[in-house]
Each structure stands twice: as structure tokens, then as C-alpha cells.
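A.B. asks: predicted model and sequence follow; I will ask about them next.
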There are 2 protein chains.
Amino acid sequence: MAQITPQLSMRIGELSTRTGVSVRSLRYYEEQGLLASIRSESGQRHYGESAVERVAFIQLLYTAGLSSKTILDVLPCSYAPSEQTSDAAADRMAVERDRLSTHIDDLLRTRDTLDELIKINRAHRATL
Amino acid sequence: MAQITPQLSMRIGELSTRTGVSVRSLRYYEEQGLLASIRSESGQRHYGESAVERVAFIQLLYTAGLSSKTILDVLPCSYAPSEQTSDAAADRMAVERDRLSTHIDDLLRTRDTLDELIKINRAHRATL
DNA sequence: TTTGCCTCTCACATGGATGTCAGCTTTTAG
DNA sequence: CTAAAAGCTGACATCCATGTGAGAGGCAAA
């Protein structure tokens, strides 16, 4: 009989090392329902290979300014698409996509402004 | 003799209304050295027209994820370029510009990923 | 077995912008 | 003149991802 779950040998320290995310944060993700683990008899967390990618994605969404609550709405459907989640998730993703686009526009404007300032600064320095 | 400073009639409430930034935050900006005001005899803050634009810019930088400390490094030189500020500011702006570019790239990647998820979600829903 | 590292839970600390409340003074409108 | 609205300072509260430390148990190599 084949293993249902392939190597669950990874413990939290290794996952931390491989993702660059602190152990503390990984536990926090679990607490928020973003990251599942299988517990050994003694209570230690074990993860499969896929956890690495999942953590990376969580990080990406955090970087994009989503809260853990929002990530929770969006993330599950990418792993376990189901009727239950897909409706709410679709809305949520659309909303976040818009928010993200707006934010990107803001940042682009800010960068342009910064470039202006840099140019002005350079011009000013040239006159010294 | 002409007025050195044109209308300084704006009080904090009006500035708040016109910028959409809370009174609390405007006081905080002042505390951080980002926004100057002229105090009346009784201690009330008064601002010139230019404050509106300045606050908008501060907001823009906050939105871009700069801290007030960093904004302080960058902002003054756009208003009062001087030898003192221009060197540090030039460095700071370059650093922030890079950080901003990286962040923008992250966000673009995230948006792409989100678009992927939305597409997958839609495909999934179509099969119901 | 002993040593050393890893993990566990619980809980408190942090930072940064902003909210909020209290108590008081100033300004403005009726 | 009086009351409402707006300002002032100071201090404490909040959110949220993380850091950090304590105290205890788990696991592998010597």
C-alpha cells in the first residue's frame, strides 16, 4: 500500500530554513489557519514538500499587504477548490485584485515623483 | 509692504477636511517634523495653501511604505534644497527608489498570481 | 546516559500610524 | 452673552505580524 502522504519528514526548523520564514511566523500561520501540519505523537509539526511553496505564496500575499484573514479567504481555493469556497473566494480575489492594482498605481506615481526629486536634486548639486 | 506668507488662515480642521487626513494625523506629522505650522497667540496651528499639497505628498510616501523617519530624510529637500540635506537625501532617495521598484515587482507578480487563481476559479465554477 | 539542539506552549514586548478620551481654552455663531 | 464647535496637550488603546524569553519535553549522536 502506497503512502498517501509523501515524505512528511520536514520539521519546522527545516521549513523555516528553506523558506526564510521564522519558526515563530510559521507557527503563527498555522494559528491563523493558513498552514496545516501533521503532528507526531509528541506534538511536533511535520510538513510535506508542498509546504515550502505554500509558505512562499503566503509570504507573497503578506508582502502585497493582505491580512491573514484575507489570505485565508483567498488561499484555500487554490489548494482545494470547492463549491463552498469558490464563491466567496472569487469575490475576495476580485476585490483584492482591484486594491492591488490601485496600490501599484500609487507606487508607480510615487516612484515617478521620487525620480523627479532625484533629478531636481542632481540639478541642484550640479550648481554647487 | 507685501505679506511674506500668503493666507495662513487655514486651521487644522480645514486642512483635515481638504486633505482627508485626520486631525490626529496632521498633529502627528508635525510631531515627526514633516509638517510645519505657524502658531497663533493662543497656540492654534495655521497653515498656508501649500500645506495641502505637502500633506498629499506625505500621504503618498506613507502609502509607498516609507516610515516617517525616511520621509523626513527625503521630503525636506523638495522644499528647501540645501547642501546639508542634498547629500543624505540623494542616497536616501536612491535607496528608497530601489526598494520601491522591488516592491512594485513583487506586487505585479502577486497580481499575476491572483489573476491565475481567478482564472482557475472561474474554470472550476464553469464545471459545476 | 549524557550532552546539545530542536520543538512545544504560553505570554509578554514591539513598532508605527492612528483612534479615542479627558480636561481645558479659544473661536465662532446665534 | 452664551452655547456650540473647534483646538490644544497628554496619555492610553488598538491592530498585527514578529520578536523574545521562560520552562519543559523530545530526539539523535557520542
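C.D. replies: Cool, the structure landed.

A.B. asks: where do the domain boundaries of chain A fall?
C.D. replies: Following automatic domain parsing, chain A resolves into domains at A:1-63, A:67-128.

A.B. asks: do the longest one and chain B come into contact?
C.D. replies: To tie it back to what came earlier, the one meant is domain A:1-63. Yes: under the criterion of C-beta under 8 Å from any C-beta of the partner chain, domain A:1-63 makes contact with chain B via A:Phe57, A:Leu60, A:Leu61, A:Thr63. C-beta: built from backbone N, CA, C; applies to glycine.

A.B. asks: quick one: buried ones out of these?
C.D. replies: With neighbours counted using 16 or more other C-beta atoms under 10 Å in any protein chain shown, the residues of domain A:1-63 next to chain B contain these buried positions: A:Phe57, A:Leu60, A:Leu61.

A.B. asks: which residues touch A:Met93?
C.D. replies: Going by C-beta atoms under 8 Å, 6 or more residues apart in numbering or on different chains, A:Met93 touches A:Val74, B:Leu114, B:Leu117, B:Ile118, B:Asn121.

A.B. asks: now for the domains of chain A, which one comes closest to DNA strand C?
C.D. replies: Ranking the domains of chain A by proximity to DNA strand C (C-beta to the nearest atom of the strand) places domain A:1-63 first, at 2.4 Å.

A.B. asks: what about the closest one, average pLDDT?
C.D. replies: Averaging pLDDT along domain A:1-63 yields 89.

A.B. asks: from the chain's centre, how far out does that domain sit?
C.D. replies: Between the centre of domain A:1-63 and the centre of its chain there are 13 Å (C-alpha atoms, centre = their mean, to the nearest Å).

A.B. asks: related to what we said a few turns ago, could you dump the domains of chain A to JSON lines with distance to B:Val23?
C.D. replies: Formatted as JSON lines, the domains of chain A follow (distance: least, C-beta to C-beta, whole Å):
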{"stretch": "domain A:1-63", "distance to B:Val23": "31"}
{"stretch": "domain A:67-128", "distance to B:Val23": "23"}
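
A.B. asks: can you add distance to DNA strand C and give the ones you listed back as TSV?
C.D. replies: Formatted as TSV, the domains of chain A follow (distance: least, C-beta to the nearest atom of the strand, whole Å):
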stretch	distance to DNA strand C
domain A:1-63	2
domain A:67-128	12
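
A.B. asks: stretch A:25-34 near DNA strand D anywhere?
C.D. replies: Yes: residues of stretch A:25-34 contacting DNA strand D under C-beta under 7 Å from any atom of the strand: A:Ser25, A:Tyr28, A:Tyr29, A:Gln32.

A.B. asks: quick one: the longest helix seen in chain A to helix B:83-126, angle?
C.D. replies: Looking across chain A with DSSP state H, the single longest helix is helix A:83-126. On the basis of axes from the mean of the first three to the mean of the last three C-alpha atoms, to 10 degrees, helix A:83-126 is oriented at 160 degrees to helix B:83-126.

A.B. asks: can you tell me the SS state at the spatially closest residue to A:Arg99 that is not a sequence neighbour?
C.D. replies: Nearest non-adjacent residue to A:Arg99, counting by C-beta to C-beta, 6 or more residues apart in numbering or on different chains: A:Gly65, 7.9 Å away. Using DSSP: H, G, I helix; E, B strand; the rest coil, the three-state assignment for A:Gly65 comes out as coil.

A.B. asks: was I right to think A:Gly65 contacts A:Ile104?
C.D. replies: No: using C-beta atoms under 8 Å, A:Gly65 is not in contact with A:Ile104, being 10.8 Å away.

A.B. asks: let's verify A:His46: helix, strand, or coil?
C.D. replies: Strictly by three-state DSSP, A:His46 counts as strand.

A.B. asks: return the subset of the buried ones among the residues of domain A:1-63 next to chain B lying in helices.
C.D. replies: With DSSP H as the criterion, helices contain A:Phe57, A:Leu60, A:Leu61 from among those.

A.B. asks: now the most centrally placed residue in chain A: closest residue in space, sequence neighbours ignored.
C.D. replies: What sits nearest the mean C-alpha location of chain A, by C-alpha atoms, centre = their mean, is A:Ile58, with 2.1 Å. Nearest non-adjacent residue to A:Ile58, counting by C-beta to C-beta, 6+ apart: A:Leu34, 5.5 Å away.
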